[in-house]
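*Asks:* Sequence below, structure please.
(4 chains)
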Number of protein chains: 2
Amino acid sequence: MADDQLSRVFAALADPTRRDMVTRLAVGDATVGELADPYNVSVQAVSKHIKVLADAGLVSQSKDAQRRPCHLEAEVFDLMTKWIERYRQQAQERYDRLDAVLAEMRGDERPSKHRHLEQGAAS
Amino acid sequence: MADDQLSRVFAALADPTRRDMVTRLAVGDATVGELADPYNVSVQAVSKHIKVLADAGLVSQSKDAQRRPCHLEAEVFDLMTKWIERYRQQAQERYDRLDAVLAEMRGDERPSKHRHLEQGAAS
DNA sequence: TCGCTCTTCAACCAAATGGTTGACAACGGT
DNA sequence: ACCGTTGTCAACCATTTGGTTGAAGAGCGA
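*Replies:* You can find the predicted model right below:
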């Protein structure tokens, strides 16, 4: 895996178990054991998952006796959202322009939903 | 890797080369060769990357003679953004509440930035 | 101090990933 | 009809990943 933050964040969330944990942590902090509970895997495996999330900056752990409560870090989500939004918008604009062009070519007025040209447009 | 869409999308974007390609495709469609050009890898490797992006639903390919122009699919970005936003907001709200509680405990009025309690809060 | 609980570290294993090279299919230009 | 261009498929390789088990560190409670 690449070692830049964005790569680590995306890689961390590519695993459904880890996304599940994020879901759980959004409700409130939880210890490693509490996080491990719902899953049919060893505590060690969960510990590794948390390490991945922590390395990505998505969660951080504190100390409470033997326990290591995890909590979600919100800032990193912004990093992702910003990256995503940039290209989503550009792609959407290109689509809208394409729809407009198609509509003009057809003499249409109200282009509805985007449609692929290349395969299965006609039929 | 898990086989659900969200996992595929996150995994696809965990690679900086593939994110680069998305960046390139946001500007406009490009053939496999054009996408391969800036990188120091074989065309086959790029073809594989595109397959990963396509399987994730992030890009689609059309036919133009021997060429296979790729273009960005905007919808999938929404899927990610929605997933992310949900937990980012919840986490942020919890932080804000925590800051408020801390401020109240200190008798403060204007809590500025969140601060971790567990380690290095005092010093 | 001893034992129990919670967590991580280390070693190992199977499967997936990202890269390579070689072969080959599909298409246009000459 | 051929050749060059464009891209994918297949096989292979090194590394990473997600899981396991076993051992060990850290901290309370009795």
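
*Asks:* Now do the buried residues in the longest helix along chain A.
*Replies:* What stands out as the longest helix in chain A, according to DSSP state H, is helix A:75-106. Within helix A:75-106, the residues scored as buried using 16 or more other C-beta atoms under 10 Å in any protein chain shown are A:76-77, A:80-81, A:83-84, A:87-88, A:90-92, A:94-95, A:99. Yep, even glycine has a C-beta here, placed from its N, CA and C like the rest.

*Asks:* quick one, what contacts residue A:33?
*Replies:* Applying C-beta atoms under 8 Å, 6 or more residues apart in numbering or on different chains to residue A:33 gives the contacts A:43, A:67.

*Asks:* Residue A:26 and residue B:85 touch, don't they?
*Replies:* No - taking contacts as C-beta atoms under 8 Å, residue A:26 lies outside contact range of residue B:85: 11.3 Å.

*Asks:* dump the residue contacts of the nearest residue to residue A:72 once chain neighbours are set aside.
*Replies:* Closest residue in space to residue A:72, ignoring its immediate chain neighbours: residue B:91 at 4.1 Å, by C-beta to C-beta, 6 or more residues apart in numbering or on different chains. By C-beta under 8 Å, 6+ apart, the contact set of residue B:91 is A:25-26, A:72-74, A:77.

*Asks:* Go through the residues you listed and single out the one with the most neighbours.
*Replies:* residue A:72 (27 neighbours; other C-beta atoms under 10 Å in any protein chain shown).

*Asks:* confidence score at that residue?
*Replies:* You'll see residue A:72 listed with a pLDDT of 94.

*Asks:* tally of neighbours for residue A:10?
*Replies:* 26.

*Asks:* repeat for the one 5 residues further on
*Replies:* The local packing count at residue A:15 equals 18, with neighbours defined by other C-beta under 10 Å.

*Asks:* How about the one 5 residues further on?
*Replies:* Neighbourhood size, residue A:20 [other C-beta under 10 Å]: 14.

*Asks:* which SS state does it fall under?
*Replies:* Following DSSP: H, G, I helix; E, B strand; the rest coil, the label given to residue A:20 is helix.

*Asks:* ok so, going back, as JSON lines, the contacts of residue B:91 with distance to residue A:43 would be great.
*Replies:* Output for those, formatted as JSON lines (distance: C-beta to C-beta, whole Å):
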{"residue": "A:25", "distance to residue A:43": "17"}
{"residue": "A:26", "distance to residue A:43": "21"}
{"residue": "A:72", "distance to residue A:43": "20"}
{"residue": "A:73", "distance to residue A:43": "22"}
{"residue": "A:74", "distance to residue A:43": "26"}
{"residue": "A:77", "distance to residue A:43": "27"}
